[in-house]
Structure formats: C-alpha cells, structure tokens
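# Coordinates for the following, if possible.
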Amino acid sequence: MHPAHEDADLHTFLGAGPVVQAAWLAARDLPPATLLPLLNACAQRCFFCAGPGTTDLPDAARTPDGAIRAHLAARPPGVDRLLVGGNEPTLHPAFEAVLGSARALGYPRVDLMTNGATLRGNAARWAAAGLREVVVPLYALDAATHDAICGVPCHDAVVAGLDEAHAAGIRVRLHTLLLRRTLADLPALATWVHARYGERLAVGLLREKPVFDWATAAPTLGAIRAALAAVPAADRPLLLQAPRCLEWSADHDGIAPTDTRRDPDVIAPALLATLYFSSQARSFPTACAGCVERDRCPGVVTAYGAGASGAGASGAGA
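So this is what the prediction gives:
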C-alpha cells in the first residue's frame with residue numbers, strides 16, 4: 001500500500017519495469033525515458049522527509065545490484081534517456097557504476113535528481129560519464145535558512161557543486177518548496193537562479209506528511225499568489241503540478257501556460273521534478289466547483305483543502 005499522501009498512479013510507475021515506464025510517460029505526453037530509483041539512506045535530515053525509509057534505511061534495504069543491472073538491460077527500443085532518483089542516489093555504492101554502464105547499454109543521457117551535496121569534486125567526472133542534467137532543491141539563498149530546512153550544514157557545498165556542474169556542461173535545474181519561512185525571499189531566489197544558471201526556478205507545493213506539522217509550515221494559496229506576482233517577469237518561476245489558478249499568478253508575459261509559442265525545453269520544469277511533485281495526492285475542494293479549468297487542472301495538494309480557491313467561470317481566480 002502506498003502512503004495516503006502519495007499518488008497511487010505514480011506509485012505504479014515507480015514500481016514498473018522500463019517498458020511499462022516508457023509507455024506510462026508516453027501516455028501522458030512526457031518525454032521518453034525510464035526511471036531507476038536507487039534507494040539507500042540519505043545523509044540529510046529535511047524536515048518534510050526525514051524518517052524511516054529515508055534517513056534510517058538499512059543497508060539490506062538498498063536497491064540490489066541485480067535489480068539495477070536488470071533495469072539497465074531492459075531498455076525499451078528508442079529510449080535513450082535514463083532518469084536516476086531515490087533517497088540520495090549518489091550515495092548508493094553502485095551509482096558510479098550506473099553512470100559507467102548507462103551509455104554502453106544505450107542511455108547516452110542520464111538525468112539525476114540529487115540533493116546536490118555530492119556534486120562538488122565529482123561533477124566534471126560524472127559529466128564525462130554521461131550525466132547531462134541535475135535536478136536539485138535549493139530552499140533559500142541564505143545558508144542558515146537552507147541548512148535549517150535540510151537539517152545539516154550543506155548550502156555552501158550544494159552551491160559550489162552546482163557551479164562545478166554548470167561549468168562542466170551539465171544542465172542545472174533547481175526547484176524549491178513554497179514554505180512560510182522562505183516565501184518572502186522567492187523573488188530573490190528566482191532572480192539568482194536565472195542569472196547564475198540561465199534556468200527558471202521551479203516551485204512546488206508542500207505536501208502533508210506525518211513527520212511534520214503541515215499547517216505551520218505551508219503558506220496559504222493567497223500568500224503564494226502574492227509571492228509569485230512579486231517575482232520579476234524575466235525570472236518567472238515554473239510551477240510544478242500546481243493548480244491552474246496559481247499558474248496564472250506566475251504568467252507575467254500575457255502568453256497562456258499552454259500557448260504553443262512557448263518552447264517546452266525552456267519553460268517546462270525538469271522531467272524528474274515533474275515526476276517527484278506528481279507523487280503528491282491531490283483533490284478538488286468545494287471552492288473548485290464550476291471552475292472552467294478543472295479538466296486541465298491537476299488539483300491542489302489535498303492538505304490545502306478549503307484553502308484552495310478555484311478559477312470559477314471568469315477564469316480569473318480568487
């Protein structure tokens with residue numbers, strides 16, 4: 001059984017073999033790829049994640065080498081992109097072996113979701129082995145704030161590693177959580193990311209989990225709208241599985257989020273980040289009843305409940 005806060009459909013994808021994964025993505029108009037989760041204990045203690053299955057995962061529960069080899073060997077024809085994720089995949093003993101094997105087995109491109117703490121000193125070597133994109137969370141420009149969220153000192157190492165990855169030709173894709181304690185600094189973070197790496201910051205809603213008090217950590221949707229509106233138009237964030245009424249808050253250039261004039265490679269969030277935030281269970285509160293965008297909307301993280309406000313017939317949002 002999947003946890004209540006996680007989406008059952010995404011769980012099916014995560015547990016499937018490469019052929020089913022590729023078909024699952026294609027059915028949703030997502031790029032062809034397969035996802036290899038590398039599970040082992042993470043060294044960070046992020047408040048929204050730390051607990052059994054992440055920080056306390058025993059060695060016996062790590063993804064076994066046989067399962068890794070089987071996944072790589074089962075690459076579907078025509079799929080040349082390997083996504084690597086997990087608790088912190090770079091700490092898995094087989095991580096570098098995966099990079100070493102992927103290209104020979106037909107995956108010239110590897111995308112990695114990581115906390116970024118291990119990039120420093122390794123990025124150039126991993127780039128040479130086929131790592132093409134890193135998907136990394138950055139919760140604040142201020143080191144103390146970022147480190148408090150992560151539970152360990154890591155901010156400076158993460159930024160140094162991101163700089164090394166960027167210099168090595170790896171595409172750096174950053175995302176952040178919309179939190180009460182960091183929302184006021186969202187414009188500065190979005191501007192910094194765009195200026196430093198030439199990429200849009202992606203933002204996602206906090207999901208409810210039993211390891212923390214969601215109500216004291218999550219901002220209201222109204223506060224999120226105000227924060228998005230405060231970001232300079234040139235640095236507009238990319239929203240990750242957000243309700244449509246929030247998408248309009250981030251749309252500063254008069255082009256609708258679905259307009260084909262937008263280049264998906266420029267304005268779409270990283271595939272790994274999209275999948276990660278798809279794992280959050282969502283619903284449509286009563287405020288969403290009658291919204292003209294409901295058929296195209298993924299809903300809102302269930303914990304927001306009555307805090308959500310639908311776009312309504314006018315499409316303007318509340």
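# in stretch 233-248, what counts as buried?
With burial defined by 16 or more other C-beta atoms under 10 Å, the residues of stretch 233-248 counted as buried are 235-248. Heads up, the C-betas are built off the backbone N, CA and C, glycines and all.
# which ones among the residues you listed are found in helices?
Taking DSSP state H, the ones among these that sit in helices are 244, 245, 246, 247, 248.
# thinking again about what came up before, could you dump the buried residues of stretch 233-248 to a markdown table with distance to residue 186 and pLDDT?
Below are the buried residues of stretch 233-248 laid out as a markdown table (distance: C-beta to C-beta, whole Å; pLDDT from 0 to 100):
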| residue | distance to residue 186 | pLDDT |
| --- | --- | --- |
| 235 | 10 | 92 |
| 236 | 11 | 89 |
| 237 | 7 | 93 |
| 238 | 13 | 92 |
| 239 | 12 | 91 |
| 240 | 14 | 90 |
| 241 | 17 | 86 |
| 242 | 14 | 84 |
| 243 | 17 | 85 |
| 244 | 20 | 82 |
| 245 | 17 | 80 |
| 246 | 13 | 81 |
| 247 | 15 | 71 |
| 248 | 17 | 60 |
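# Now tell me which helix or strand of the protein has the poorest mean pLDDT.
Sorting the helices and strands of the chain by mean pLDDT, DSSP states H and E puts helix 264-267 at the bottom, at a mean of 56.
# Which of the ones in helices among the buried residues of stretch 233-248 sits closest to residue 216?
Nearest to residue 216 among those: residue 246, at 20.9 Å, using C-beta to C-beta.
# The stretch 201-318 of the chain: strands as residue ranges?
Listed in chain order, the strands of the stretch 201-318 of the chain (DSSP state E, counting those that start in this stretch) span 202-205, 238-240, 282-283, 300-301.
# so which of those strands gets nearest residue 275?
strand 238-240 (9.8 Å).
# and that closest one, which strands flank it?
Taking DSSP bridges as the criterion, strand 238-240 sits next to strand 202-205 (parallel) in its sheet.
# now what about the partner strand, what contacts it?
Residues outside strand 202-205 that contact it (C-beta atoms under 8 Å, 6 or more residues apart in numbering): 173-178, 186, 218, 224, 228, 237-242, 269-270, 273, 276-277, 280, 300-301, 304.
# Could you report the separation of the nearest residue to residue 301 once chain neighbours are set aside from residue 224?
Of all residues not flanking residue 301 in the chain, residue 205 sits nearest, at 4.6 Å (C-beta to C-beta, 6 or more residues apart in numbering). Applying C-beta to C-beta, to the nearest Å, the value for residue 205 to residue 224 is 8 Å.
# between the two, what contacts are shared?
The contact sets of residue 205 and residue 224 overlap at residue 178 (C-beta under 8 Å, 6+ apart).
# The residue nearest to residue 301 pairs with what?
Here residue 205 sits in beta bridges with residue 178, as judged by DSSP bridges.
# Report how many residues lie close to residue 28.
11 (other C-beta atoms under 10 Å).
# Tell me, what's the model's pLDDT at it?
If you check residue 28, the pLDDT there is 88.
# Understood, closing this out.
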